[in-house]
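J.: Got a predicted structure here, sequence first:
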Amino acid sequence: MGHQEKNNIIKKNIFRAYDIRGIYPSDFDEDTAFNIGLALANKIQNVKKAVVAMDGRISSPEIKMSLIAGLVKGGIDVIDCGMLPTPLLYFATKSLQIPNGFMITGSHNPKYYNGIKMVVDDSPLFDKDIYALFDWINNNYLNLNKDKKYNVKKNNQIITKYVERVKEDIFIDIDKKFVVDTMNGVTGNVIKEILDAFAIDAEFINMNVDGNFPNCSPDPTKEVNLESLKKRLYKSNADYGVAFDGDGDRLVIIKKDGIVIWPDELMILFSKSILLKSKNAKIVYDVKCTKNLKTAIENSNGTPIESRTGHSYIKQTIKKEKAKLGGEMSGHIFFNDKWYGFDDGIYVFLRFLEILSNEEHLIEDLLKLPTTYTTPEIDIDFSDNNHFEFINKFINQNTFDDYTISLIDGIKIMNKQSWGLLRASNTTPKITLRFESSSVDGLKNIKNAIKSAILKIDNTLDLPF
C-alpha cells in the first residue's frame with residue numbers, strides 16, 4: 001500500500017455489536033466500504049470466496065461496488081448476487097456452499113443510513129470480531145488506491161433456487177386472503193414470485209423498492225408504521241396482513257381485526273408446532289419475550305433457553321445448543337429444524353401459512369393464552385454514549401431483595417407475577433426497558449421498583465413511564 005496519512009477517516013462508532021452501520025456519507029462512505037473489504041479479505045482464512053448482495057437503498061450500489069473492490073484487492077473471489085433481501089444472501093451462502101457472505105443494508109433504519117451484515121466461515125461476525133476490523137484498518141495505512149477494474153461473477157439465480165428449496169418441504173394449501181406490505185424495502189423485489197409458487201391469494205402495498213421510503217420508516221415492529229397495512233386489511237376484507245422490514249429478515253403479522261401478533265407470540269405458535277414433531281427440542285428466545293413463551297415451551301415438553309438480545313447472539317446459541325428454533329422480540333426468527341438457522345422473514349411467513357394450512361388449531365390456542373399486561377419497549381437516550389456505564393452503576397448500586405435477578409443481558413428482575421428489564425442497546429446510545437405482569441397492579445409495582453432504582457443513580461433523567 002502506498003504510504004499515506006495514518007487513517008483517521010474511518011469512524012469507530014459505525015462498528016457495532018452485530019453489524020456495521022452509520023449515516024451515509026458522513027460516517028460511512030465508499031472509501032470506508034473499500035477498506036472494510038480489505039479488512040474482511042484479511043479475516044477470511046478458509047475459502048477465499050464470498051457472496052455479496054445489497055438492499056434497495058439509494059447509496060447501496062456505490063457501497064457494494066467499493067466493498068467488492070476491497071475484497072477483490074485482498075484476494076477474494078466475489079459472486080455478486082445483486083439486489084436481494086438479507087435472508088436470500090444468507091441462503092446464497094448455503095446454496096452456493098460459499099461460507100462467507102456480505103450484505104449491504106441499512107436494515108430498518110431511516111433512509112440516510114447504510115451498513116454491512118457479515119457472515120465469515122459460516123458464522124455471523126459480531127462483537128469483538130467486528131471491532132477487530134476497525135483495529136486492522138487503523139493499524140494499516142489507509143488504502144485509497146481503488147482499482148475499479150475487477151472481474152466479478154454475477155449470479156441472478158438465487159431467487160429461483162430459494163423457491164425450489166422452500167417447495168421441497170413446506171406444504172401450503174390455503175384459501176385465505178393476505179395483504180403484504182413490503183414497506184418499500186427490498187422484499188418487494190422477490191415476495192410475489194415466492195408467494196405465487198404456493199398459489200397464495202395476496203395483494204401487495206408499498207411494493208416498489210424505493211430507498212426514500214416514502215410511506216414510513218421500514219420497521220414493522222413500531223405500530224405507527226402499520227397504519228397503511230391496517231387500512232388496506234380492513235378495506236380488502238383479507239384474513240391476515242404481513243409487513244416486512246427494510247431488508248426482509250423480520251416481519252410482523254396482523255389479524256383481520258388489526259390486532260398484531262407480536263413476534264414473541266408467533267414464537268409460541270412455532271414452538272408448539274415444532275414440539276409436536278420434535279419432542280424435547282431446545283428453543284432459544286431473548287430476554288425481552290413474554291413469559292408466556294417460556295411457559296408454552298415447558299408445557300409442550302420443550303427446553304426453553306433464554307439468551308441475550310441480538311440476532312448474532314441468538315444464532316450463536318442456536319448453533320451451540322443445537323436448538324430447533326430461535327427468536328427475539330424484535331422480529332428476528334430462526335428456524336433450524338428443516339431450515340438453516342438464519343433469520344428470514346419470508347421463510348417465517350411461509351411457515352405461518354403452513355400452520356394455517358395444517359394446524360390451524362394452534363392459532364386458536366394463541367387466543368387462550370393467559371392475559372399479561374406489557375409495555376412496549378421504552379427508550380431513554382444517553383447522548384453522551386455512557387449508557388453501558390449507567391447500567392453497571394445501576395447493577396452495582398441497587399439491591400432487589402424481593403426479586404430474582406438475571407444478568408444475561410443488562411438486568412432483569414422477576415417475581416412470580418412480573419418482570420422488568422433494563423439493558424443497554426447495542427445499536428444506539430440508549431437504554432431500553434420492558435415490563436410485563438399478570439396484573440395491572442403488578443405492572444405498576446415493578447415499574448415503580450425500577451423507576452426509583454434509576455432515580456437513585458441519576459435523578460435528572462426524564463423517565464417516560
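T.: Noted; the coordinates are in hand.
J.: Just the pLDDT at the spatially closest residue to Ile261 that is not a sequence neighbour, thanks.
T.: Among residues not flanking Ile261 along the chain, Ile253 sits closest, at 4.7 Å (Cβ to Cβ, 6 or more residues apart in numbering). C-beta here means a position set from N, CA and C on the backbone, and glycine is covered the same way. On the pLDDT scale, Ile253 is placed at 98.
J.: Just the residues contacting the helix or strand containing Ile253, thanks.
T.: Per DSSP states H and E, Ile253 falls inside strand 251-255. Defining contact as Cβ atoms under 8 Å, 6 or more residues apart in numbering, one finds that strand 251-255 is touched by 220-221, 226, 229-230, 233, 239-245, 260-263, 266, 331, 345-346, 348-349, 352.
J.: Please apply the same query to stretch 219-236.
T.: 108, 177, 179, 181, 183, 203, 205-206, 215-218, 238, 240-241, 243-246, 250-252, 254, 256, 258, 260, 263, 329-331, 376.
J.: With just CA atoms, put that stretch into PDB.
T.: Output in PDB follows, covering the C-alpha atoms of stretch 219-236 (Å, rounded to 0.1, in the frame of the first residue of the first chain):
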ATOM      1  CA  ASP A 219     -39.600  -1.000  10.800                       C
ATOM      2  CA  PRO A 220     -42.800  -3.000  11.200                       C
ATOM      3  CA  THR A 221     -42.300  -3.500  15.000                       C
ATOM      4  CA  LYS A 222     -43.200   0.100  15.500                       C
ATOM      5  CA  GLU A 223     -47.000   0.000  15.400                       C
ATOM      6  CA  VAL A 224     -47.200   3.600  13.900                       C
ATOM      7  CA  ASN A 225     -45.700   2.100  10.700                       C
ATOM      8  CA  LEU A 226     -48.500  -0.400  10.300                       C
ATOM      9  CA  GLU A 227     -51.200   2.200   9.600                       C
ATOM     10  CA  SER A 228     -51.500   1.700   5.800                       C
ATOM     11  CA  LEU A 229     -51.500  -2.100   6.200                       C
ATOM     12  CA  LYS A 230     -54.300  -2.000   8.700                       C
ATOM     13  CA  LYS A 231     -56.300   0.300   6.500                       C
ATOM     14  CA  ARG A 232     -55.900  -2.000   3.500                       C
ATOM     15  CA  LEU A 233     -56.600  -5.100   5.500                       C
ATOM     16  CA  TYR A 234     -59.900  -3.600   6.700                       C
ATOM     17  CA  LYS A 235     -60.800  -2.400   3.100                       C
ATOM     18  CA  SER A 236     -60.000  -5.600   1.300                       C
END
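J.: Tell me how far it lies from the chain's centre.
T.: In terms of Cα atoms, centre = their mean, to the nearest Å, the centre of stretch 219-236 is found 20 Å from the chain centre.
J.: pLDDT averaged over that stretch - what is it?
T.: 96.
J.: now do stretch 373-384
T.: The average pLDDT for stretch 373-384 rounds to 92.
J.: Run the chain-centre distance for that stretch.
T.: Using Cα atoms, centre = their mean, the offset of stretch 373-384 from its chain centre is 18 Å.
J.: Buried residues of that stretch, list them for me.
T.: Buried residues in stretch 373-384, defined by neighbour count with 16 or more other Cβ atoms under 10 Å: 374, 377-378, 380, 382.
J.: For that stretch, which outside residues touch it?
T.: 223, 288, 290, 329, 390, 425, 429-440, 442-443, 447, 461-465.
J.: Run through the helices of the stretch 351-465 of the chain in chain order.
T.: Taking DSSP state H, counting those that start in this stretch, the helices of the stretch 351-465 of the chain run over residues 360-366, 387-397, 440-457.
J.: The chain now?
T.: 30-43, 60-73, 86-95, 128-139, 158-169, 191-197, 227-236, 263-277, 291-299, 311-321, 345-358, 360-366, 387-397, 440-457 (DSSP state H).
J.: what is the mean pLDDT for the longest one?
T.: Same thing as helix 440-457. Across helix 440-457, the average pLDDT comes to 97.
J.: Quick check: which helices or strands does it pack against?
T.: Applying 3 or more Cβ pairs under 8 Å, 6 or more residues apart in numbering; DSSP states H and E, we find helix 440-457 packed against strand 373-374, helix 387-397, strand 411-414, strand 418-424, strand 430-437.
J.: Pick the most deeply packed of these.
T.: strand 418-424 (a mean of 23; mean count of other Cβ atoms under 10 Å).
J.: With just CA atoms, put it into PDB.
T.: Output of strand 418-424 as PDB, limited to C-alpha atoms (Å, rounded to 0.1, in the frame of the first residue of the first chain):
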ATOM      1  CA  SER A 418     -43.900  -9.800  36.900                       C
ATOM      2  CA  TRP A 419     -40.600  -9.000  35.300                       C
ATOM      3  CA  GLY A 420     -38.800  -5.800  34.400                       C
ATOM      4  CA  LEU A 421     -35.800  -5.500  32.100                       C
ATOM      5  CA  LEU A 422     -33.200  -2.700  31.800                       C
ATOM      6  CA  ARG A 423     -30.500  -3.100  29.200                       C
ATOM      7  CA  ALA A 424     -28.100  -1.000  27.100                       C
END
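J.: For it, give me every contacting residue.
T.: Contacts of strand 418-424 (Cβ under 8 Å, 6+ apart): 287-288, 291, 309, 387-388, 390-391, 394, 409-413, 430-438, 442-443, 445-447, 449-450, 454.
J.: Stretch 19-32 too?
T.: For stretch 19-32, the external contacting residues (Cβ under 8 Å, 6+ apart) are 9-11, 13-14, 36, 57, 59, 62-63, 65-66, 106-107, 109, 112-118, 126, 130, 133, 142, 144, 146, 427.
J.: Go ahead and confirm Gly82 touches Met54.
T.: Yes: Gly82 lies in contact with Met54 (Cβ atoms under 8 Å); the separation is 7.5 Å.
J.: what about the two, which has more around it?
T.: Met54 (28 against 16; other Cβ atoms under 10 Å).
J.: Isn't the more buried one up against Ser66?
T.: No: between Met54 and Ser66 there is no contact under Cβ under 8 Å: 11.4 Å.
J.: coming back round to it: nearest to Gly302, out of the helices of the stretch 351-465 of the chain?
T.: helix 360-366 (14.0 Å; Cβ to Cβ).
J.: gap between that closest one and the chain center?
T.: 26 Å.
J.: next one: stretch 344-361
T.: On Cα atoms, centre = their mean, the centre of stretch 344-361 falls 19 Å from that of its chain.
J.: now swap in stretch 335-355 and tell me
T.: Worked out by Cα atoms, centre = their mean, stretch 335-355 lies 14 Å from the chain centre.
J.: and it, which residues are buried?
T.: 335-337, 339-355.
J.: hmm, back to that, which among the contacts of stretch 19-32 count as buried?
T.: Neighbour-count burial (16+ other Cβ under 10 Å) applied to the contacts of stretch 19-32 gives 10, 14, 36, 57, 59, 62-63, 65-66, 106-107, 109, 112-118, 126, 130, 133, 142, 146.
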